[in-house]
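# when you get a sec, could you give me coordinates for this:
(chains A and B)
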Amino acid sequence: MSVETTQPITEADLHAYADEQLPAERRVEVDAYLATHADEAARVQAWQRDNQALRSLLAPIVHEPIPVRMPLAPAPRVLRWRIAAMAASIAFVSAGTGWVARGTVDGQIPPAARVASTAEQPIPGFARRAAVAHVVYSPEVRRPVEVGADQEEQLVTWLSKRLGAPLKPPHLERIGYELIGGRLLPGEQGPVAQFMYHNAQGQRLTLYVTRELKQGSTTGFRFAQDGPVNVFYWIDGNFGYALSAGIDKSELARVATAVYDQLESR
Amino acid sequence: MHDTSAEIVACIPALRRYARGLTGNKDSADDLVQDTLERAWRRIARWQRRGDLRAWLFSILHNRFIDLVRSARATPEESSGEAEVTLPIRPTQNDMLEIRDLDAALARIPPDQREVLLLVAVEQMKYEEVALTLEIPLGTVMSRLSRARERLRTIMEGREVVSRLKVIK
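From the prediction side, this is the model:
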C-alpha cells in the first residue's frame, strides 16, 4: 500500500477529506497519506475544528422561533384569489357540515355546529397556519412532537404556561386516536400549541390551538381545504381551534365533534 | 405546489442561520431572509421543480446578499476585502471570547469566500450543490474554499501567536 501506487493526493482531496465528501476508497488513500505527513494532517484537523466551531457558533439560530415578519405563504395577491375560492367552498361546506355531524353523532350536534353561519368570511390566518404546521410536522418521523404523551403532565403545564391559559389535549382514544404529544409554535404574534394524534393505521391528525383572536367571535365549524389537507376550524371566545389531517371530510368531522365535546365539557 | 410550500417553510431556519453567518447581524440577516422568502413566494409558480429546492432558495439569498455587498462597497471601510489583521487582539479566556473572535474572523473573510465556507462547513452542502447555488464552476468552489480556510487560519493563529508572546513576556 505504498503511496506511489495511488493517484497523487491533491489539496482538493484534503478539503474533501475534512468535509467528509470523499468516496470510501479515496478516503483510505488520504488516510494513508496523512499518517505519514504530520503537517498536512494538522492542517486538515484544524479545518475540521473550524467546521465544528462555525457550526456551534451558528447552531442556536435554527432553534429560534421563526420571526413573525417571515412570510410563510404566498403574498396577498395570490392569497386573495385563494381566499375567494375557499370562501365559496366554505359556504357550500358549512351547510354540509351540519349534515355530516348529524349523520355521524346521532342527535349530539354540538351547539357550535348548529349556529354555523353561512356568511362568507375569509379563512382566518390561523387556519392556514394550522394547515402549514400540519404539513411541516406530521410527516416527521423522529421528532413529530417536542414533548411526548408519556410526559403529558409536563406538556400540559408547559403549554398552559406559555399560552397563558389552562390547556389540555382532548383524549380521543374512544374514537380511535391516540395522543402522540405536542409542541409550541410561533403564531402571528405569540405562541400557539399543536397537539398530534395518530390512529392504528398511523394516520396523523393535528389540533392547533391559538389565543390570538379577538374576544367574542364564537363561530360554528368551518371547513377549509389546503392541498391534500382538510381543516375544520372554529372560534370559541378568544380561542381558535383548527383540526387538520389528510383524511376525508366526514371522518374529520367525526373527530372535530369529539374534540368540541371534550373542550365544551371542561 | 402544496408540498413545495411546506418545504420552503422547513428551509427557513437554515436560511436564517446562513444569513446570520454571512452578515453577522440579526436584523440584516432577517431582512435578507424575509426578502428571499418574498421573492421565493412570488416566483414559486415559475419555479416548477426545475431543480433542488434548497439550492434554489439559497441562490436567491445569495443574489440578495451580493446586491447588499455591492451597495455597501460605496462606503470606503468595506471597499476591499483586504482590511488587514488590525483588530484588537487578545488571548482567549473563555468561550464567549472565542465565539466573538470567530465571529469577527468570519467578518474579515471576503464575502465570496465566506459564502463557500459557510455552505460547506455549516450547511454541509456537497461541493456540487455549492457550485449550483452560487452559479460558479466546481473549480472556483474549491479555490474559494481553500482561500477562505487559509484566511481563517491566518486570523485565528495570528491571535494565538500574540497571546503566546504575552505569556512569555
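# could you check the pLDDT of the residue in the stretch 151-266 of chain A that chain B sits nearest to?
Using CB to the nearest CB, the closest approach of the stretch 151-266 of chain A to chain B is made by residue A:227 at 2.9 Å. C-beta coordinates here come from the backbone N, C-alpha and C atoms, glycine included. Residue A:227 carries a pLDDT value of 82.
# now do the contacts for residue A:163.
A:191, A:192, A:193, A:209, A:211 (CB atoms under 8 Å, 6 or more residues apart in numbering or on different chains).
# got phi/psi on the closest residue to residue B:12 other than its chain neighbours?
Excluding the flanking residues, the one nearest residue B:12 by CB to CB, 6 or more residues apart in numbering or on different chains is residue A:66, at 5.3 Å. Here is the backbone geometry of residue A:66 (degrees, to the nearest 10): phi -70, psi 120.
# residue B:113 now?
phi -80, psi -40.
# contacting residues for the nearest residue to it once chain neighbours are set aside?
Leaving aside its chain neighbours, residue B:113 sits nearest to residue B:148 (3.7 Å; criterion: CB to CB, 6+ apart). Residue B:148 makes contacts with B:109, B:113, B:114, B:116, B:117, as judged by CB under 8 Å, 6+ apart.
# pretty sure residue A:205 sits in a helix.
No - per DSSP: H, G, I helix; E, B strand; the rest coil, residue A:205 lies outside any helix segment and is strand.
# residues touching it, list them.
A:138, A:177, A:196, A:197, A:198, A:199, A:243, A:244, A:245, A:247, A:252, A:255.
# doesn't the third one belong to a helix?
So that's residue A:196. No - going by three-state DSSP, the assignment for residue A:196 is strand, not a helix.
# pLDDT wise, what is it at?
On the pLDDT scale, residue A:196 gets 96.
# got phi/psi on the nearest residue to it once chain neighbours are set aside?
Using CB to CB, 6+ apart and skipping residues adjacent in sequence, the residue nearest residue A:196 is residue A:180, 4.4 Å away. Backbone torsions of residue A:180, given as degrees, to the nearest 10, read phi -90, psi -40.
# any idea how far chain A is from residue B:9?
Per CB to the nearest CB, to the nearest Å, residue B:9 is found 5 Å from chain A.
# and the helix or strand containing that residue, what's buried?
Element membership for residue B:9 (DSSP states H and E) is helix B:2-23. The neighbour-count check on helix B:2-23 (16 or more other CB atoms under 10 Å in any protein chain shown) flags B:4-6, B:8-23 as buried.
# what helices or strands is it leaning on?
Secondary-structure packing of helix B:2-23 (3 or more CB pairs under 8 Å, 6 or more residues apart in numbering or on different chains; DSSP states H and E): helix A:38-62, helix A:125-137, helix B:26-47, helix B:53-72, helix B:111-121.
# distance to residue B:105 added to those helices, as TSV?
Formatted as TSV, the helices and strands packed on helix B:2-23 follow (distance: least, CB to CB, whole Å):
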stretch	distance to residue B:105
helix A:38-62	9
helix A:125-137	35
helix B:26-47	18
helix B:53-72	18
helix B:111-121	10
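# residue A:222 is nearest to which of those helices?
helix A:125-137 (7.6 Å; CB to CB).
# I'd like the next helix or strand past the closest one.
Per DSSP H and E, the helix or strand that comes after helix A:125-137 is strand A:147-148.
# and the contacts of stretch B:122-136?
Contacts of stretch B:122-136 (CB under 8 Å, 6+ apart): A:16, A:19, A:21, A:51, A:54-55, A:58, B:14, B:17-18, B:21, B:51-52, B:54-55, B:58-59, B:62, B:115-116, B:119-120, B:137-138, B:140-142, B:144-145.
# can you tell me which of those are buried?
A:16, A:19, A:21, A:51, A:54-55, A:58, B:14, B:17-18, B:21, B:54-55, B:58-59, B:62, B:115-116, B:119-120, B:141-142, B:144-145.
# pLDDT wise, what is residue B:162 at?
45.
# to clarify, my last question referred to residue B:9.
Note for residue B:9: predicted pLDDT of 92.
# quick one: it and residue A:136 touch, right?
Yes - between residue B:9 and residue A:136 a contact is recorded at 5.7 Å, counting by CB atoms under 8 Å.
# need phi/psi at the residue of the stretch 151-266 of chain A closest to chain B.
phi 60, psi -130.
# what about it, neighbour count?
Neighbour count for residue A:227, taken as other CB atoms under 10 Å in any protein chain shown: 14.
# one step back: hey, C-alpha coordinates of the helix holding residue B:9 in CSV?
C-alpha atoms of helix B:2-23 as CSV (Å, rounded to 0.1, in the frame of the first residue of the first chain):
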residue,chain,number,x,y,z
HIS,B,2,-48.5,22.4,-1.6
ASP,B,3,-45.6,20.2,-0.7
THR,B,4,-43.3,22.9,-2.1
SER,B,5,-44.8,25.5,0.3
ALA,B,6,-44.1,23.2,3.3
GLU,B,7,-40.6,22.6,2.1
ILE,B,8,-39.9,26.3,1.8
VAL,B,9,-41.1,26.9,5.3
ALA,B,10,-39.0,24.0,6.5
CYS,B,11,-35.9,25.7,5.0
ILE,B,12,-36.4,28.9,6.9
PRO,B,13,-34.3,28.0,10.0
ALA,B,14,-31.3,27.1,7.8
LEU,B,15,-31.7,30.2,5.6
ARG,B,16,-31.6,32.3,8.8
ARG,B,17,-28.5,30.5,10.0
TYR,B,18,-26.8,31.1,6.7
ALA,B,19,-27.8,34.7,6.6
ARG,B,20,-26.6,35.3,10.1
GLY,B,21,-23.2,33.8,9.3
LEU,B,22,-22.9,36.0,6.2
THR,B,23,-23.9,39.3,7.8
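# domain assignment for chain B?
Using automatic domain parsing, the domain parsing of chain B gives B:1-79, B:81-169.
# mean pLDDT lowest where, among those?
domain B:81-169 (a mean of 77).
# hey, which helix or strand in chain A has the poorest pLDDT?
helix A:111-114 (a mean of 35; mean pLDDT, DSSP states H and E).
# and residue A:206, bridged to which residues?
Beta-bridge pairing for residue A:206 (DSSP bridges): residue A:196, residue A:244.
# give the contact list for the residue lying closest to residue A:167 once chain neighbours are set aside.
Nearest residue to residue A:167 in three dimensions, chain neighbours excluded: residue A:160, at 4.7 Å (CB to CB, 6+ apart). Going by CB under 8 Å, 6+ apart, residue A:160 touches A:166, A:167, A:168.
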